[in-house]
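In: Fold the following for me, if possible:
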Amino acid sequence: MSKRVTTLAAAAVILILVVEWAFHGASGMALFVAVLFWAAICQGMVALAAAADLSGARWFLPLRGHMMSVYPLLFAFPALFLVFSANLSVYPWLEHPTRWLEPNFFVIRNTAMLLLTAVAAHLWIGADRRGGRSARVFCILYLLGFVVTQSLMAFDWDMSLEAPWINTLFGAYFFIEALYLGIAATALVALRRARREPARYRPVLVDAAKLIFGFALLWAGQIFAQYLTIWYGNIPEEVGYVYRRVAVQPYGAMAVFVLLAMFVLPFGILVARAAKTHPVPVIAAAGLVMAGYVVEKLVFILPAAPVHPVALALEFVILGAPVAGYLFARPDVPPS
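Out: Residues are numbered from 1 along each chain as shown. Presented below is the predicted three-dimensional model:
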């Protein structure tokens, strides 16, 4: 099964190339959004497993194999970023590059960090299977790579679309959201497995639901911290960024949906203890988080760059197929 899904992942990269070629550069930032979403899920799930390993948590052990099994897909993201880098013309700094925002350096550092993060995950899981003492070191290196990679996605991929706009909280915001998505995906996998073995997987589902509830509060805190800083500073460059995404339609309505999907509804759905043990509320909360993430990235991007809806839908499905294959088709056996 692993070889078939790996082949599917390689085919997905080729199909993405075909889609980008078919649209002749008119896809805009569609691949950007798709890669952000699926990279957040894959990196977030592996990071969640790494953090649980380091802390000695036992709640995730029944799903440990599933959470770690997506790591081969991390090697696809450097290639996908190189495909995306053909559309750098959407960035305003390209006409007046700086030392940091310079095309070659931009591509090299992001490709290198995506690759190094994948290598760290590979070395960690390989050492874990062998029972080597170096597993803990590689686990820490992966988490560091995860934080740096998600921060680069925030600062380079997204924030530089509105250069010289700066938000120092953006990096932390992105890797917290990646963990949030990883938890939501873990909850969905636990739900599917709980149907067959409820005694083993129901406790994992409850714990994942608790984490969704907790991360809804953490996400809201991040949003409030950024909004408060911008509102209190009242700097035109910062206020303009928020204004175009809150007061201008349809982005204002989309921003309201994001707030509902990422915080208000998951918090309200899972606030009752009984809701965390029932499949429907957990599915609803996890689905809302994922939908909210996508819409949020569209709110960030659309005022600055186009996104072709057909290309976005195609690339979402293409990249989602191997992720679903790894999560749902692999045997539930932890790496050992």
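In: now Y293: how far from N110?
Out: In this structure, Y293 and N110 are 20 Å apart, going by C-beta to C-beta, to the nearest Å. The C-beta positions use only the backbone N, C-alpha and C, and glycine is treated the same way.
In: more crowded one of these two?
Out: Y293 (24 against 21; other C-beta atoms under 10 Å).
In: Helix or strand: which one has the more buried one?
Out: helix 279-301 (DSSP states H and E).
In: Tell me which stretches of this structure form helices.
Out: 2-23, 30-55, 64-69, 76-84, 103-130, 135-152, 170-194, 198-233, 236-246, 251-259, 265-270, 279-301, 309-329 (DSSP state H).
In: For the longest one, which helices and strands make contact with it?
Out: Helix 198-233 sits against helix 170-194, helix 236-246, helix 265-270, helix 279-301, with contacts defined as 3 or more C-beta pairs under 8 Å, 6 or more residues apart in numbering; DSSP states H and E.
In: Could you dump those helices into CSV with mean pLDDT and distance to L143 added?
Out: Shown next, in CSV, are the helices and strands packed on helix 198-233 (pLDDT from 0 to 100; distance: least, C-beta to C-beta, whole Å):
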stretch, mean pLDDT, distance to L143
helix 170-194, 91, 10
helix 236-246, 84, 30
helix 265-270, 95, 25
helix 279-301, 94, 21
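In: Most tightly packed of these?
Out: Counting by mean count of other C-beta atoms under 10 Å, helix 170-194 has the highest mean neighbour count of those, with a mean of 23.
In: for that helix, packing partners?
Out: helix 30-55, helix 64-69, helix 135-152, helix 198-233, helix 279-301, helix 309-329.
In: Compute the inter-axis angle for the first one and helix 309-329.
Out: In other words, helix 30-55. On the basis of axes from the mean of the first three to the mean of the last three C-alpha atoms, to 10 degrees, helix 30-55 is oriented at 30 degrees to helix 309-329.
In: And helix 30-55, how far out from the chain middle?
Out: Helix 30-55 sits 5 Å away from the centroid of its parent chain (C-alpha atoms, centre = their mean, to the nearest Å).
In: Give me the buried positions along it.
Out: 30-53 (16 or more other C-beta atoms under 10 Å).
In: so which of the helices and strands packed on helix 198-233 gets nearest L141?
Out: helix 170-194 (15.2 Å; C-beta to C-beta).
In: Read off the pLDDT value for S336.
Out: Predicted confidence (pLDDT) for S336: 43.
In: and if you look at S2?
Out: pLDDT, S2: 56.
In: Give the burial count for P198, as a bare number.
Out: P198: 11 neighbours (other C-beta under 10 Å).
In: Ok, P103 next?
Out: 14.
In: Over to L15?
Out: Using other C-beta under 10 Å, the number of residues around L15 comes to 16.
In: Ok, A121 next?
Out: Close neighbours of A121, defined as other C-beta under 10 Å, add up to 30.
In: Tell me who's in contact with the closest residue to it other than its chain neighbours.
Out: Closest residue in space to A121, ignoring its immediate chain neighbours: Y71 at 4.2 Å, by C-beta to C-beta, 6 or more residues apart in numbering. For Y71, the contact set (C-beta atoms under 8 Å, 6 or more residues apart in numbering) comprises 42, 46, 118, 121-122, 125.
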